[in-house]
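Enquirer: coords please:
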Amino acid sequence: MTQAAGHGHEDHEHGGHEHLSHVPDAAQPAVYAARAAVAFEPPVHADQLESAVTGFFGELSDGLAGAGCSLVGHIKGIVEAPGRGDLAFHATTLGARPAVTGGLAGMATDAVLTINVIVFGVDEQALPALVHAAWSRASGATTTWPAGEAACS
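Expert: The predicted model follows:
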């Protein structure tokens, strides 16, 4: 083993990548991806949607940290409002403000949320409920998740 340049961590080879010392070797990623129908009542302006997305990341970060998250692979998604535009977002660190691109023209009453979450240290069976609850609290929107998943409002 050698010292990783400038890090003070031991350099382990894992498939050609440097070992992340804070993620146990046995850790498997928890993955959740879904597309959900979202209904905003009352309709939302672009700045309100961006605030909801930012709030979602805060809520989800808190939930993931409480569930033992040790590493975020990524959290990304897009809210697409037919005829109004879309808002894409992503982050790779708990508690970070998400990068947001795009926007809405006018007000949106309905949209499609597409979300993809890859994290380590969290029970994959618990991940959908964490995502749903965070979105529900932050957006206040009625959201219809894929069949077999609970609706949140």
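Enquirer: quick one: buried residues of the host helix or strand of Ser51?
Expert: Secondary structure from DSSP states H and E places Ser51 in helix 46-66. For helix 46-66, the neighbour count (16 or more other C-beta atoms under 10 Å) marks 46, 48-50, 52-53, 55-61, 63-64 as buried. Backbone N, C-alpha and C define where each C-beta goes, glycine included.
Enquirer: just checking, next helix/strand downstream of that helix?
Expert: For helix 46-66, the succeeding helix or strand toward the C-terminus, using DSSP H and E, is strand 71-81.
Enquirer: which residues sit against that following strand?
Expert: Here strand 71-81 makes contact (C-beta atoms under 8 Å, 6 or more residues apart in numbering) with 20, 22-23, 27, 29, 38, 49, 53, 57, 60, 64, 86-94, 98, 102, 104, 108, 110-121.
Enquirer: report the buried members of these.
Expert: By the neighbour-count criterion of 16+ other C-beta under 10 Å, those include these buried positions: 38, 49, 53, 57, 60, 64, 86-91, 94, 98, 104, 108, 110-111, 113, 115-121.
Enquirer: so where is the protein shaky, pLDDT-wise?
Expert: 1-26, 148-153 (pLDDT under 70).
Enquirer: what are the ranges of the helices in this protein?
Expert: Along the chain, counting by DSSP state H, helices occupy 46-66, 127-139.
Enquirer: give me the residues contacting the shortest one.
Expert: Contact with helix 127-139 is made by 30-32, 34, 36, 38, 40, 52-56, 58-60, 62-64, 67, 113, 115, 117, 119, 122, 141, 143, 145, 149-150, 152-153, as judged by C-beta under 8 Å, 6+ apart.
Enquirer: before we move on, the earlier item: counting only strands, which of the buried ones among the contacts of strand 71-81 make the cut?
Expert: Of the positions in these, 38, 86-91, 104, 108, 110-111, 113, 115-120 sit in strands, assigned by DSSP state E.
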